[in-house]
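Undergrad: here's my sequence, what's the structure:
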Amino acid sequence: MKWREFFRIPPALKHRKFFLLWVGLLVSIAGTQMQAWAIYWHLRTLSDQPLAVSGVGLARFIPIILFALIGGLVADTFNRRKVLFITQTAMLGTALALGVLTYFGITTIWSIYIISAINGIAVSFDSPSRQSLITNIVPRKDLQSAFGLQSIASNTGAIIGPALSGLVIATLGQEWTYWINAISFLAVIAALILMGKVERENATPEVRQQPSAFKKLDFSGIPIGIRFILNQPIILSSMLLDFFASFFSSANSLLPFVAKDILNVGAIGYGWLSAAQAVGSVTVGIYLAQKSRLLKQGRLLLSGITVFGIATIVFGLSRSFVLTFIALVFVGGGDAISTILRNTIRQLQTPDELRGRMISINQIFFAGGPRLGEVEAGLVAQAFGTPFAIISGGIGCLVAVMAVAFKWPTLRKYNGDEPIITAS
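TA: Have a look, this model is predicted:
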């Protein structure tokens, strides 16, 4: 690719509604990431036990287990744009609540867990509708570009957010990380207002209007989504790969301990380390956002997660701030390759009327891996130390890649130009 092509306008940004949503997400994700890393630091100030910090992952994951499948059904039944109005407002409220409790000095570990769980309920409904909405505002040929841009938004926010997190904590105070995040949700809400009405593929009259009651949901539709996933080896294997790789290599919750106890840096140094993964992810996202079609996607997916695992091992071995930063950059780059390709493969291989349910099932894998991995990392760190927890996780990630590649050779052979599945 020539350098001038590297900076051309990505195809997906030429679609107005996606552009509005993308800009809104760019702002909102920065706030969300600032809050996420601020919570880790906040918990570290409340307790010196790794398990206490890792417990927030479980608090976020339990609501997803309970509500994700319903959230997917809601995305396939209700107006997706209107669902996002509700979920974004709810997440704004949880951020405000954290800020108020912190301001008055009455925050406890359990109050953070409870508010994180409430936020997790909102996320369970938000993710399926938000990701499914993208396929309704971007044509199929530009989906890979859209998911590359989504990765850029996510990881640009993950650079700005954590870096600001340390700066805001050090200058304004912990509560402002939560209040700034609350304000950032207004960017997505404004984008949803400006984009106007969004039509669904093959939308029925029931889908075109917002049902007034939860009882109108047909819960028999949930097993239909599960059976679809089980009968699609490409989608199922990518979900399992995502789960196990992120389960073993989810050491983010241990970063405060690496920063404070191994590298001996303060809140600002911690903020820059928190942003390192996103530096690699944004670089990869910019490149892939220019591409309309990549071939040998299965091999690229497996290669990306292999880089992710190897870089995690280096992260665990490092005792240098610079080497740790570089290792985390490669962790982010490997993760971005796999994330963008996984999203593209799943969206293209799923008919629109099942996308919400597919995404909700994927959400269990996508969120379950890192959330449960945070708990696992905390337990191992508690017993054997932080470096051992990180290194063993990277090794586990590599084992998972080899196992999935061996069990599902169709994933390894997936090229990216296979026929697109349509609804029967």
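
Undergrad: show me where the stretch 151-300 of the chain has its helices.
TA: For the stretch 151-300 of the chain, applying DSSP state H, counting those that start in this stretch gives helices covering 174-195, 205-208, 221-230, 233-248, 255-257, 267-289, 297-317.

Undergrad: for Met34, which of those is the nearest?
TA: The closest of these to Met34 is helix 174-195. By C-beta to C-beta, the value is 5.2 Å. Quick note: C-beta positions are derived from backbone N, CA and C, even for glycine.

Undergrad: what angle do the closest one and helix 267-289 make?
TA: 20 degrees (axes from the mean of the first three to the mean of the last three C-alpha atoms, to 10 degrees).

Undergrad: please save the CA atoms from helix 174-195 in CSV.
TA: Taking Å, rounded to 0.1, in the frame of the first residue of the first chain, the C-alpha atoms of helix 174-195 are listed here in CSV:
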residue,chain,number,x,y,z
GLN,A,174,-10.9,10.4,40.8
GLU,A,175,-14.6,11.6,40.6
TRP,A,176,-13.9,13.7,37.5
THR,A,177,-13.0,10.5,35.5
TYR,A,178,-16.6,9.4,36.1
TRP,A,179,-18.2,12.7,35.4
ILE,A,180,-16.3,13.3,32.2
ASN,A,181,-17.4,9.8,31.0
ALA,A,182,-21.0,10.7,31.8
ILE,A,183,-20.7,13.8,29.5
SER,A,184,-19.1,11.7,26.7
PHE,A,185,-22.3,9.6,26.3
LEU,A,186,-24.0,12.7,25.0
ALA,A,187,-22.0,12.4,21.8
VAL,A,188,-23.6,9.1,20.9
ILE,A,189,-27.0,10.3,21.9
ALA,A,190,-26.6,13.4,19.6
ALA,A,191,-25.4,11.2,16.7
LEU,A,192,-28.5,9.0,17.1
ILE,A,193,-30.7,12.1,16.9
LEU,A,194,-29.0,13.5,13.9
MET,A,195,-28.9,10.3,11.8
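
Undergrad: how far does that helix sit from its chain's centre?
TA: 18 Å (C-alpha atoms, centre = their mean, to the nearest Å).

Undergrad: buried residues in it?
TA: Across helix 174-195, burial judged by 16 or more other C-beta atoms under 10 Å covers 174-182, 184-189, 191-192, 195.

Undergrad: would you mind giving the helices of the stretch 151-300 of the chain as CSV with mean pLDDT and distance to Leu143 added?
TA: Output for the helices of the stretch 151-300 of the chain, formatted as CSV (pLDDT from 0 to 100; distance: least, C-beta to C-beta, whole Å):
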stretch, mean pLDDT, distance to Leu143
helix 174-195, 92, 18
helix 205-208, 45, 21
helix 221-230, 82, 19
helix 233-248, 80, 15
helix 255-257, 81, 33
helix 267-289, 77, 11
helix 297-317, 87, 13
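
Undergrad: show me what the helix of greatest length in the chain is packed against.
TA: The longest helix of the chain (DSSP state H) is helix 352-384. Applying 3 or more C-beta pairs under 8 Å, 6 or more residues apart in numbering; DSSP states H and E, we find helix 352-384 packed against helix 50-77, helix 109-137, helix 221-230, helix 233-248, helix 321-348, helix 386-407.

Undergrad: quick check: which of those is nearest to Phe18?
TA: helix 109-137 (4.9 Å).

Undergrad: the closest one vs helix 174-195, what angle?
TA: 20 degrees.

Undergrad: how about the helices of the stretch 151-300 of the chain in CSV, adding distance to Phe125?
TA: Converted to CSV, the helices of the stretch 151-300 of the chain look like this (distance: least, C-beta to C-beta, whole Å):
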stretch, distance to Phe125
helix 174-195, 14
helix 205-208, 16
helix 221-230, 14
helix 233-248, 20
helix 255-257, 29
helix 267-289, 25
helix 297-317, 28
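
Undergrad: among those, which is nearest Pro11?
TA: Using C-beta to C-beta, these put helix 267-289 closest to Pro11, at 8.4 Å.

Undergrad: neighbours around the spatially closest residue to Ser320 that is not a sequence neighbour, how many?
TA: Among residues not flanking Ser320 along the chain, Leu263 sits closest, at 7.8 Å (C-beta to C-beta, 6 or more residues apart in numbering). Neighbourhood size, Leu263 [other C-beta atoms under 10 Å]: 18.

Undergrad: wait, Leu263 sits on Gly269?
TA: Yes: using C-beta atoms under 8 Å, Leu263 is in contact with Gly269, at 7.1 Å.

Undergrad: joint contacts of these two?
TA: Residues touching both Leu263 and Gly269 by C-beta atoms under 8 Å, 6 or more residues apart in numbering: Phe321.

Undergrad: can you list the weak-confidence ranges in the chain?
TA: Within the chain, the segments meeting pLDDT under 70 span 1-8, 54, 158, 200-217, 250-253, 289-295, 368, 416-424.

Undergrad: what's around the residue nearest to Ser238 when sequence neighbours are not counted, how many residues?
TA: In space, and not counting its chain neighbours, Ser238 is closest to Arg342: 4.9 Å by C-beta to C-beta, 6+ apart. Neighbour count of Arg342, defined by other C-beta under 10 Å: 23.

Undergrad: my guess is Arg342 meets Asp242, correct?
TA: Yes: proximity of Arg342 to Asp242 meets the contact threshold set by C-beta under 8 Å, at 6.2 Å.

Undergrad: show the contacting residues for the residue nearest to Ser238.
TA: Applying C-beta under 8 Å, 6+ apart, the residues near Arg342 are Ser238, Asp242, Leu301.

Undergrad: how far away is the first one from Leu288?
TA: With distances taken as C-beta to C-beta, to the nearest Å, Ser238 is found 16 Å from Leu288.

Undergrad: could you give me the buried positions within stretch 395-414?
TA: Buried residues in stretch 395-414, defined by neighbour count with 16+ other C-beta under 10 Å: Ile395, Gly396, Cys397, Leu398, Ala400, Val401, Val404, Ala405, Trp408, Leu411, Tyr414.

Undergrad: circling back to that earlier point, for Ser28, find the nearest of the helices and strands packed on helix 352-384.
TA: Comparison of those against Ser28 by C-beta to C-beta identifies helix 109-137 as nearest, at 10.5 Å.

Undergrad: so for that closest one, what gets flagged as buried?
TA: 109, 112-113, 115-137.

Undergrad: and the angle for it with helix 352-384?
TA: 150 degrees.
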